[in-house]
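Chemist: A predicted structure for the sequence below; I have some questions about it.
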Amino acid sequence: MSPSERDSNADAGNPSRAPLRDPVARGIARQPVGPGRVGTYAVLGAAAGSVPLPWIPDALTRRVRGALTQDIAARHGLSITLEARDLLAEPAGTEGPRGVGAQAMRFVTRRVLGRFGPLGFVPPIRSGLETFVLGHLFARYVETQRTERAARIDVEEARELRRAIDRAHVLAVSPEVHGHVDASPGASEELRDTVTQLVDGVLMRFAGAPEWMLRRIEAAFDEAIARRES
């Protein structure tokens, strides 16, 4: 019996080994985290930011973002140290957890905004958006930007990555970064009246705004990474 035949028989007798030899199964196991999955974490991040208690929102947000970074790293065959995970998941950024006074001030701010009706949704929305951006840019980093050959992301690499993500938030609203804007789709024959064309144009621009902003953030992140490596 040849070695390949012995391997086949061994896989047949042990079902747990067979999927590992299946290219389709390996592809599913290493499938990157898509926008839908990151969006789910963003919703959880927004829910965590809406808890009307002091200190609890930040603690829950850390848990959500920590699970997000672990999910993305594992799906790309990487491990991440606890220190690196904590640094990426920290809402306060690279300077570390906020003090008790700062967290109390954030709680008071949320309570004050809550008294003004719609403004009360600002902290949860911000938490959800920051969670989405973290997941999206972290996935972009490990897929296209990471140059380290180590299979483990340590705290130093995480610190540089977090600084690039934080800087991307600033550069995204800077005139130095230019996001590509898609032209409005044109039909082969225009059958709409002028008012309908105008309304459709406004709605199309509004619908394309999130994608345009995401492209600016991606461009800003790439710029931040390039500046770090230069």
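Modeler: Sure, I can see it.

Chemist: Only C-alpha atoms from now on, for both contacts and neighbour counts.
Modeler: Fine.

Chemist: Skipping its backbone neighbours, what lies nearest Ala42 in space?
Modeler: Gly128 (4.4 Å; Cα to Cα, 6 or more residues apart in numbering).

Chemist: Help me confirm that that neighbour is found in a strand?
Modeler: No: counting by DSSP: H, G, I helix; E, B strand; the rest coil, Gly128 is not found in a strand; it is helix.

Chemist: Can you give me the distance of it to Val38?
Modeler: Remark: distance between Gly128 and Val38 (Cα to Cα, to the nearest Å) = 10 Å.

Chemist: Which one's more surrounded, the two?
Modeler: The neighbour count for Gly128 versus Val38, taken as other Cα atoms under 10 Å, is higher for Gly128 (25 against 21).

Chemist: Verify the contact between that one and Val43 for me.
Modeler: Yes: taking contacts as Cα atoms under 8 Å, Gly128 lies within contact range of Val43: 5.8 Å.

Chemist: quick one, helices of the chain?
Modeler: For the chain, the helices defined by DSSP state H cover 3-13, 18-21, 23-29, 35-49, 56-75, 82-89, 100-114, 122-140, 155-171, 194-229.

Chemist: avg pLDDT for the shortest one?
Modeler: This points to helix 18-21. Average pLDDT, helix 18-21: 40.

Chemist: in the chain, which helix or strand is least confident?
Modeler: helix 18-21 (a mean of 40; mean pLDDT, DSSP states H and E).

Chemist: List the residue ranges of the protein that fall below the pLDDT cut-off.
Modeler: The chain contains residues with pLDDT under 70 at 1-33, 53-54, 93-122, 175-187, 229-230.

Chemist: which residues sit against stretch 37-44?
Modeler: Val64, Arg65, Leu68, Ser127, Gly128, Leu129, Glu130, Thr131, Phe132, Gly135, His136 (Cα atoms under 8 Å, 6 or more residues apart in numbering).

Chemist: Output those as a markdown table; include the columns distance to Pro57.
Modeler: Below are these laid out as a markdown table (distance: Cα to Cα, whole Å):
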| residue | distance to Pro57 |
| --- | --- |
| Val64 | 10 |
| Arg65 | 12 |
| Leu68 | 16 |
| Ser127 | 9 |
| Gly128 | 12 |
| Leu129 | 15 |
| Glu130 | 14 |
| Thr131 | 13 |
| Phe132 | 16 |
| Gly135 | 18 |
| His136 | 21 |
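
Chemist: Looking at the helices of the chain, which is nearest to Ser188?
Modeler: helix 194-229 (14.3 Å; Cα to Cα).

Chemist: by contact count, what packs against that closest one?
Modeler: Helices and strands touching helix 194-229, by 3 or more Cα pairs under 8 Å, 6 or more residues apart in numbering; DSSP states H and E, are helix 155-171.
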